[in-house]
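Colleague: got a predicted structure here, sequence first:
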Amino acid sequence: MKLWEYTSEELIGGAEITSDVSIAPEIEVPWESDELEQIASMPNYATAPATGGRGLADQVLLERDGDGWKCVGHYVGDIIIVFRRVQNTGIADILFLRCLEHRRKVPITTTFSASGLRLLKRVHKTEVEKAVRHGFNVPARVLEDFPELRADN
């Protein structure tokens, strides 16, 4: 899935927006260690498919820990969780994109937390900006969400 091919409304659909009042438990999720892929821009981090998940559509975020790796977040099913100590580093954006690349349905979930919705909107705009910059044929209905990116401005 390429985010820039969809409008915000198509991605969000009629999803319920919930508050961020509850703090998601930082539960480690097992991963497929033979399919680990490092993040080039952040070499102390990697992602790997979640054990028992839907391949690369469900991934675990990993942080280097000595000679190994440990779970610091995951995007499995409809839920994305990034542990507190790695929040606000940009790593959630990478995890989100790596999983969405292998997902095929819109809307992408039925429920968003307020912070999850902010993540989607931030990453969506960045991906649309990149697509425009690279000369991709971004659909006009998508550019309606971002008038500042239209060529006629």
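Modeller: Noted; the coordinates are in hand. Numbering: from 1, shown residues only.
Colleague: going by C-alpha atoms from here, please, whenever you check contacts or count neighbours.
Modeller: Will do.
Colleague: so residue 71, which of the three states?
Modeller: Three-state assignment for residue 71 (DSSP: H, G, I helix; E, B strand; the rest coil): strand.
Colleague: dig out what the closest residue to it other than its chain neighbours forms beta bridges with.
Modeller: Once flanking residues are discounted, residue 71 sits nearest to residue 62: 4.6 Å by C-alpha to C-alpha, 6 or more residues apart in numbering. With DSSP bridges as the criterion, residue 62 is bridged to residue 46, residue 71.
Colleague: contacting residues around residue 62?
Modeller: 45, 46, 47, 48, 69, 70, 71, 72, 73 (C-alpha atoms under 8 Å, 6 or more residues apart in numbering).
Colleague: and the pLDDT for it?
Modeller: Residue 62 is assigned a predicted lDDT (pLDDT) of 97.
Colleague: what strand or helix carries the spatially most central residue of the chain?
Modeller: Note on the chain: the residue nearest the mean C-alpha position is residue 96, at 1.2 Å, using C-alpha atoms, centre = their mean. Element membership for residue 96 (DSSP states H and E) is helix 91-100.
Colleague: which strands or helices does that helix pack on?
Modeller: Helices and strands touching helix 91-100, by 3 or more C-alpha pairs under 8 Å, 6 or more residues apart in numbering; DSSP states H and E, are strand 59-65, strand 68-76, helix 114-133.
Colleague: so which of those is the most surrounded?
Modeller: Among the helices and strands packed on helix 91-100, ranked by average contacts under mean count of other C-alpha atoms under 10 Å, first place goes to strand 59-65 (a mean of 23).
Colleague: grab the nearest non-local neighbour of residue 30.
Modeller: Nearest to residue 30 is residue 51, by C-alpha to C-alpha, 6+ apart, at 5.6 Å.
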